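A.B. asks: I'd like to go over a predicted model; first the sequence, then the structure.
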Amino acid sequence: MAGDRLKREAAHAAVGRYVESGIVIGLGTGSTATFAVRRIGELVASGELRDIRGVPTSARTTALANELGIPLATLTEAYPRFTIDGADEISPELALIKGRGGALLREKIVASSSEEGLIVVADSGKLVDSLGAGPLPVEIDSFGWEATLEALASLGCKPELRMDWTDPGRPFVTDGGHYTADCAFDSIPDPASLETEIKHIPGALECGLFVGLTRTAVVAGEEGTQFMEPKPG
């Protein structure tokens, strides 16, 4: 599939340029991040990467890294130099929507703890003129979730409780034991302000707006791979 090929190209380009021996790296979650984790595993197995440790952002990534023989660390032991992860949407300013794969809280904790921020890997289909082309995930506490959805709706969106992919009769539960609200906005012209508003809602633990965290976006398209950095100021 063309989409998988481009995701792989972006992931391999990012690993090839930024990952080196002797560092700690945040390991993202999702289909594109998986290509990066697998590439790191290949380089560890071949001996090209040594003394490297990964901080995983989900149980799925932890299992994959263990399978590939990538040594792991916790944030108690070390902060990553940077995190490699995918994105659901990328704005021209390199603000992101992440979390449709279900790991946004842990992804944000690890990315925010990274000394040099987030290296985003994506195919060109993730580039948007304005965030909000698809739903914005918000990780919420399971207690009083109905009230939290009402509060989110007051911000101008249509929130829906995410149901489990394998059992649609029950809510999806994150690794942290929380629920997720998928919030449909017409558009998100000011991601930073919306992030602040959401985080003022009791019960809203974290949202999928990643603002000011991107160091570089490595984006693969049919015409090649580009390395995009935030514009100064």
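C.D. replies: That came in fine, so what should we check first? Numbers count the residues shown, from 1 in each chain.
A.B. asks: Tell me the secondary structure at residue 151.
C.D. replies: What DSSP: H, G, I helix; E, B strand; the rest coil gives for residue 151 is helix.
A.B. asks: Contacts only, for it.
C.D. replies: Listed by CB atoms under 8 Å, 6 or more residues apart in numbering, the contact set of residue 151 reads 201, 202, 203, 204. C-beta here means a position set from N, CA and C on the backbone, and glycine is covered the same way.
A.B. asks: hmm, 7 Å instead?
C.D. replies: Each residue near residue 151 by CB atoms under 7 Å, 6 or more residues apart in numbering is listed here: residue 201.
A.B. asks: just to confirm, which helix or strand has residue 195 in it?
C.D. replies: Take DSSP states H and E as the rule and residue 195 turns out to sit in helix 191-199.
A.B. asks: so how far is that helix off the chain centroid?
C.D. replies: Relative to its parent chain, helix 191-199 has a centroid offset of 17 Å by CA atoms, centre = their mean, to the nearest Å.
A.B. asks: Note down every partner strand of whichever helix or strand comes after it and its orientation.
C.D. replies: As assigned by DSSP H and E, the chain's next helix or strand after helix 191-199 is strand 204-207. The pairing partners recorded for strand 204-207 under DSSP bridges are strand 136-140 (antiparallel).
A.B. asks: ok, and what's touching the partner strand?
C.D. replies: 97, 99-100, 104-105, 148, 152, 174, 178-183, 185, 188, 198, 203-209.
A.B. asks: Which among those residues count as buried?
C.D. replies: Buried members of these, scored by 16 or more other CB atoms under 10 Å, are 97, 99-100, 104-105, 148, 152, 174, 178-183, 185, 188, 198, 203-209.
A.B. asks: So what does residue 54 have for phi and psi?
C.D. replies: phi -120, psi 140 (degrees, to the nearest 10).
A.B. asks: ugh, wrong one, residue 56
C.D. replies: As for residue 56, its main-chain torsions (degrees, to the nearest 10) stand at phi -80, psi 150.
A.B. asks: Who is it paired with across the strands?
C.D. replies: Where residue 56 sits in a bridge, its partners, by DSSP bridges, are residue 27.
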